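Quick one, structure for this:
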Amino acid sequence: MLTHAMIAAATLSTCTLPQGDLDDPHTWGNYFLDKYAAERAEAMTIEPASTPPLAQPRTVLMITGVTIPAVWFDPIKARLERDGFHTVVYEPPALLSGDLFTNADKLAEVIAGIEAQTGETKIDILAECTGGLIARHYIEALGGDQHVSRLVTFISPQHGLPKAAEASAFVTWDAVQDLTPGSAFLETVNHAALPSTVPVTSIYSCTDEYIQPYLTSFIPGAKNIDLCDGTFVGHFQFFYDREIYKIMHAELTAPLPGDPAPTTTPTPPTDPVDPNDPATTETGAGGCASTHGSHGAGVFAFVAIALARRRRARR
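Presented below is the predicted three-dimensional model:
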């Protein structure tokens, strides 16, 4: 694994800090949206489906991570709808920069609202980065195993990020504390048992620029899919890569033994909105970071850069 100094040295020549308040998660969210605008636009050219659509539509809830705006999910959302899913994108308040225990409680409220709207008793979840952590806590400790059929996470630091401790010198987000290895939140999540009734999948890349060490995404007892065949797979690439989408789709459509066939067609849901957060529109904010595609993790990478600059200045 590269040291923080090596990461900074490798990126100083190509990376610039975003303009604005660095303690505002929307500053980071907007920065990476602009940085990857071309990739996101190209990904919205939707190819024909490679599999038949679902015979019975059902809801999949997509959850963004720290500093990741909901709009990042647009390419995945469009393909899921093409393939027969009803979709909901949940961008947590303040781009998931707040306390993760609290955000897991809010997730429970969002899912209860979806079920009330659609008439479904269970939904699927596809969660990016830190969104995967609050979803895991929900199914482990908050009764979510009774409301979730499948949980699929991607580029999700399930055991935390060592760089989070350094990031706390630059941002005051509670989520950064919770993502620091050894935090109460991470200890709670990783000492709880996965529910036997909910298949859990974690998809990650060995070459992710920010989620390192990459085995932080490994969930004991889950199905772990590593994209480690020697080809570079970047962090943001997960949002727009058509082949990676096929892996996500396969996990979301894997049969559940013993599940009865649904008898009614659920009403299509709408995306939740937090009335107290002015940034809960799809252009708002949200997740982890990467030089080729990430966000919250992007904060941690820029922290390494800033630290390196400070050290140079002190010499």
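
Is the most centrally placed residue in the chain bridged to anything, and to what?
Nearest to the geometric centre of the chain sits E128, at 1.4 Å (C-alpha atoms, centre = their mean). Here E128 sits in beta bridges with F154, going by DSSP bridges.

Isn't it up against V152?
No: using C-beta atoms under 8 Å, E128 makes no contact with V152, being 10.1 Å away. Glycine gets a C-beta too; all of them are placed from N, C-alpha and C.

Look up how far E91 lies from the residue nearest to the centre of the chain.
Using C-beta to C-beta, to the nearest Å, one gets 11 Å for the distance from E128 to E91.

can you list residues touching both of those two?
Residues touching both E128 and E91 (C-beta atoms under 8 Å, 6 or more residues apart in numbering) are T64, I68.

Name the next helix or strand downstream of the worst-scoring helix or strand of the chain on mean pLDDT, please.
When the helices and strands of the chain are scored by mean pLDDT, DSSP states H and E, helix 4-11 comes last with a mean of 30. Using DSSP states H and E, the helix or strand that follows helix 4-11 towards the C-terminus is helix 25-35.

In three-state terms, how would E120 be classified?
Following DSSP: H, G, I helix; E, B strand; the rest coil, E120 is assigned to coil.

Would you agree E115 is in contact with H147?
Yes: E115 is in contact with H147 according to C-beta under 8 Å; the separation is 6.6 Å.

residues contacting G221?
By C-beta under 8 Å, 6+ apart, G221 lies in contact with A193, L194, V200.

How many residues are close by the first one?
This means A193. Neighbour count for A193, taken as other C-beta atoms under 10 Å: 9.

any idea how far G119 is from it?
Using C-beta to C-beta, A193 is found at 30 Å from G119.

Next: the second one.
Shown here: L194 relative to G119, a distance of 27 Å by C-beta to C-beta.

Could you check which of the two has the larger neighbour count?
More crowded of L194 and G119, by other C-beta under 10 Å: L194, with 17 against 11.

Let me know the secondary structure of that one.
Classified using three-state DSSP, L194 is coil.

wouldn't it be in contact with V200 here?
Yes: using C-beta under 8 Å, L194 is in contact with V200, at 5.6 Å.

Touching both of those two, which residues are there?
R136, I139, I219, G221, A222.
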